[in-house]
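Enquirer: Provided below are the primary sequence and the corresponding predicted coordinates.
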Amino acid sequence: MFHATLSLLRMNYGPAPGGTFGGGAAPPHLVPAFMRHKQTRQLIAMEAARLMAEHGIRDYYLAKRKAAGNLNVPATQHMPGNDEIEQALAEYQRLFQAQTQPRRLRRLREAALEAMRFFARFNARLVGSVLSGTAHEHSDVNLHVFSDSPEEVGLFLLHEDIPYEILQRQLRVDAEGPSVSYPVYRFLADDIAIDLTVFPLKGERQAPRSPVDGKPMQRASLTTVLKLLETSP
């Protein structure tokens with residue numbers, strides 16, 4: 001997707017200062033030629049992916065809005081889906097971060113493996129971009145842990161003298177149901193942020209919906225993460 005469309009965008013718009021595409025208003029006669037429908041979605045997805053990869057924007061909606069602004073495209077019904085941005089992010093990393101992203105991904109997966117062993121009593125599972133492979137230098141390690149008493153996780157961290165902060169994360173379990181708030185324990189392991197979202201024990205049987213595609217989130221066991229590390233560069 002980046003090959004032809006990115007070349008076209010650079011040819012007609014040119015890179016703006018700081019590396020964003022666009023930057024100034026597009027010549028009016030060019031807008032009807034290629035800024036519509038499918039190509040508009042692609043361009044916004046590409047710029048949103050760049051913002052996420054280079055600037056650490058984590059919220060898909062925010063990335064889309066900023067991308068549309070950078071490209072001088074109205075935020076209309078042509079906004080891409082989160083899954084389109086995820087695909088563009090993977091392509092961006094393949095093209096522009098081929099040397100650095102795989103190394104960072106491996107380091108994050110190694111940190112995830114160590115954390116999963118440390119929190120084995122809570123049956124830790126890896127989720128998110130470190131599992132899917134689109135993690136970058138701004139990404140956290142996201143784990144799901146399970147306990148009917150979330151305070152047990154906090155007490156365990158206190159016992160191990162690990163400073164942490166408590167957050168709340170809104171997740172949807174049922175496609176049509178309301179979002180549910182879950183406690184999150186966040187701490188640093190060297191320079192890597194680890195997020196532990198605490199679910200009740202029965203929550204292990206039903207994963208929440210992914211913000212990327214709306215399907216149940218993929219969860220990886222320690223064995224699966226070991227296999228990922230064994231088969232990756």
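Expert: Sure, I can see it.
Enquirer: And the strand ranked longest in the chain, what does it pack against?
Expert: The residue-count maximum for a strand in the chain (DSSP state E) belongs to strand 179-189. Packed against strand 179-189 by the contact rule (3 or more CB pairs under 8 Å, 6 or more residues apart in numbering; DSSP states H and E) you find helix 101-118, helix 151-159, strand 165-172, strand 192-199. Where C-beta positions appear, they are placed from N, C-alpha and C, glycine not excepted.
Enquirer: Grab the most central residue of the chain for me.
Expert: Geometric centre of the chain, nearest residue: residue 129, 5.0 Å, by CA atoms, centre = their mean.
Enquirer: Find the residue closest to it in space, skipping its chain neighbours.
Expert: Closest residue in space to residue 129, ignoring its immediate chain neighbours: residue 135 at 4.1 Å, by CB to CB, 6 or more residues apart in numbering.
Enquirer: who does the nearest residue to residue 204 once chain neighbours are set aside bridge with?
Expert: Distances taken as CB to CB, 6+ apart put residue 146 closest to residue 204, at 5.0 Å, once the chain neighbours are dropped. Beta bridges link residue 146 to residue 199 when assigned by DSSP bridges.
Enquirer: List the residues that contact residue 146.
Expert: 122, 123, 198, 199, 200, 201, 203, 204 (CB atoms under 8 Å, 6 or more residues apart in numbering).
Enquirer: list the contacts for the residue nearest to the centre of the chain?
Expert: Here residue 129 is in contact with 135, 136, 139, 142 (CB under 8 Å, 6+ apart).
Enquirer: Give the burial count for the first one, as a bare number.
Expert: Here the count is done by other CB atoms under 10 Å, and residue 135 has 24 residues near it.
Enquirer: Helix, strand, or coil at it?
Expert: coil (DSSP: H, G, I helix; E, B strand; the rest coil).
Enquirer: hmm, back to that, what's the closest of the helices and strands packed on strand 179-189 to residue 213?
Expert: strand 165-172 (12.6 Å; CB to CB).
Enquirer: and that closest one, which strands flank it?
Expert: When DSSP bridges is applied, strand 165-172 pairs with strand 179-189 (antiparallel).
Enquirer: CA-only coordinates of the strand it pairs with, as PDB, when you get a sec.
Expert: Extracted as PDB, the C-alpha positions of strand 179-189 are listed here (Å, rounded to 0.1, in the frame of the first residue of the first chain):
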ATOM      1  CA  SER A 179     -17.600  -1.300  28.400                       C
ATOM      2  CA  VAL A 180     -16.300  -2.600  31.800                       C
ATOM      3  CA  SER A 181     -13.600  -1.000  33.900                       C
ATOM      4  CA  TYR A 182     -10.700  -3.200  34.900                       C
ATOM      5  CA  PRO A 183      -7.800  -2.300  37.300                       C
ATOM      6  CA  VAL A 184      -4.400  -1.900  35.700                       C
ATOM      7  CA  TYR A 185      -1.100  -2.100  37.600                       C
ATOM      8  CA  ARG A 186       1.600  -0.300  35.700                       C
ATOM      9  CA  PHE A 187       5.300  -0.300  36.500                       C
ATOM     10  CA  LEU A 188       8.700   0.000  34.900                       C
ATOM     11  CA  ALA A 189      11.200  -2.800  34.200                       C
END
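Enquirer: and the direction of that strand versus that of helix 151-159, what angle?
Expert: 10 degrees (axes from the mean of the first three to the mean of the last three CA atoms, to 10 degrees).
Enquirer: In strand 179-189, which residues are buried?
Expert: 182, 183, 184, 185, 187 (16 or more other CB atoms under 10 Å).
Enquirer: The third one contacts residue 193, correct?
Expert: No - at 11.0 Å, residue 184 and residue 193 do not qualify as touching, with contact defined as CB atoms under 8 Å.
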